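Participant: predicted model and sequence below, questions to follow.
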Amino acid sequence: MKTDRTHFLLNSGKLYRKDNNIYFDKYAEDGTVLNTKIIPINSINEIYILGKVELDTYTMAFLSTNNILIHIFSHYGSFRGNFYPNSPNSVNKSGFVLLNQVRTFDDEIKRVAIAKEITKARMINSINNCTKRGVKFQSNTHLEALRNAKNIAQIMACEGAFAKEYFTKWNEIIKNQKSFKFTTRSKRPPIDKINAFISYINTRIYNVCLSEIYKTELDPRISFLHEPNYRSLSLHLDLAEIFKPILGDNLIFNMLNTGEITPKDFQIDAGRIKFTNEAVQKIEIKMIKSLTTQVKFENNFLTYRQIIRREANQIKKFICENYPYEGYVN
């Protein structure tokens, strides 16, 4: 199996540059160094920091030079921000693409066309999750409503109605209804274990999509389905809608139904539900396997990371060349 060039720092410690490589000192509770791990610079694409980690500007400059992204999370597992390189090795952002991206956002016909394709792909991929598990889902009403939607507000309403019904089907898919019965979607903070699992996985997919958008000429601040509003980045939220059912929901169903994740993998910290470090490691092994497994796509075999980046580039071709865009369906 191909390895993913993603590294997770779950423990307290120090990340630093030494001899043109990256090292991580893992700390004990008293601040002493338990062990040191070398992370070869050519084996890194991105770093997820989930522990309390010391990081200096000298090291950050070195990471930037090598085009490495950093995703930062709070002690409770909530996403807090990214560090994006701006160096000669970075993908150059095209003024031409930026102008066309802005014009497409302001063009209601083109924006609605992209938003509909993203939402349709999200619906079909979710329906496929139910179908392959023998769960019936009457989808025609939702897809017909989406076809008839005239603006973004109506599309979002269609998506919301679909999601509400789709989540009710989870209770037919997930076997352990005592511990993981779905009642309602809650995010900040999640009210139960199933919502904590969904939030963690969705955040992971958001960041994968953001990383792949970063490797294209698209500007991650300008989205089409979601309103940019005052958030700094939003295009990855659009892209993630397509891939959350494929990469996220399936991972959740499989890990719960095989008993790989149980109630013992969660802990309460200051009244908030979070995964143990051991659970995060189990989840990431599965996520990395999903992202690096090759699937047949048209006449090629691509990993899901490559498919996500291709999806971003297909949106770019639509906004710059009017090339027909269809959301990816698994």
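Facilitator: Looks like it arrived, so ask away.
Participant: so which residues of the stretch 51-200 of the chain form helices?
Facilitator: Ranges of helices in the stretch 51-200 of the chain, per DSSP state H, counting those that start in this stretch, are 57-65, 95-106, 108-131, 140-148, 152-173, 177-180, 193-214.
Participant: quick one, which of these is nearest to Pro324?
Facilitator: Across the helices of the stretch 51-200 of the chain, Pro324 has its closest neighbour in helix 108-131 (9.5 Å, C-beta to C-beta). Every C-beta, even on glycine, is put in place using the N, C-alpha and C of the backbone.
Participant: tell me the buried residues in that closest one?
Facilitator: 110-130 (16 or more other C-beta atoms under 10 Å).
Participant: elements contacting it?
Facilitator: Helix 108-131 makes packing contacts with helix 95-106, helix 140-148, helix 152-173, helix 235-243, helix 304-321 when contacts are defined by 3 or more C-beta pairs under 8 Å, 6 or more residues apart in numbering; DSSP states H and E.
Participant: can you add distance to Gln281 and give the ones you listed back as a markdown table?
Facilitator: Output for the helices and strands packed on helix 108-131, formatted as a markdown table (distance: least, C-beta to C-beta, whole Å):
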| stretch | distance to Gln281 |
| --- | --- |
| helix 95-106 | 38 |
| helix 140-148 | 37 |
| helix 152-173 | 25 |
| helix 235-243 | 22 |
| helix 304-321 | 20 |
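Participant: most tightly surrounded among these?
Facilitator: Neighbour counts (mean count of other C-beta atoms under 10 Å) averaged over each of the helices and strands packed on helix 108-131 peak at helix 235-243, with a mean of 24.
Participant: contacting residues around it?
Facilitator: 114-115, 118-119, 121-122, 125, 159, 202, 205-210, 212-213, 218-226, 304, 308, 311-312, 315, 327-328 (C-beta atoms under 8 Å, 6 or more residues apart in numbering).
Participant: if I take that helix and helix 95-106, what angle do their directions form?
Facilitator: 70 degrees (axes from the mean of the first three to the mean of the last three C-alpha atoms, to 10 degrees).
Participant: how far away from the center of its chain is the helix or strand following helix 235-243?
Facilitator: Next along the chain after helix 235-243, taking DSSP states H and E as the criterion, comes helix 250-257. Chain-centre distance of helix 250-257: 17 Å, with C-alpha atoms, centre = their mean, to the nearest Å.
Participant: out of the helices and strands packed on helix 108-131, which is closest to Asn45?
Facilitator: Closest to Asn45 of these is helix 304-321 (C-beta to C-beta; 9.2 Å).
Participant: ok, Asn82 touching Tyr206?
Facilitator: No - between Asn82 and Tyr206 there is no contact under C-beta atoms under 8 Å: 10.3 Å.
Participant: want to throw the helices and strands packed on helix 108-131 into TSV with distance to Asn20 and mean pLDDT?
Facilitator: TSV is the format used below for the helices and strands packed on helix 108-131 (distance: least, C-beta to C-beta, whole Å; pLDDT from 0 to 100):
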stretch	distance to Asn20	mean pLDDT
helix 95-106	33	94
helix 140-148	52	94
helix 152-173	47	95
helix 235-243	31	96
helix 304-321	26	95
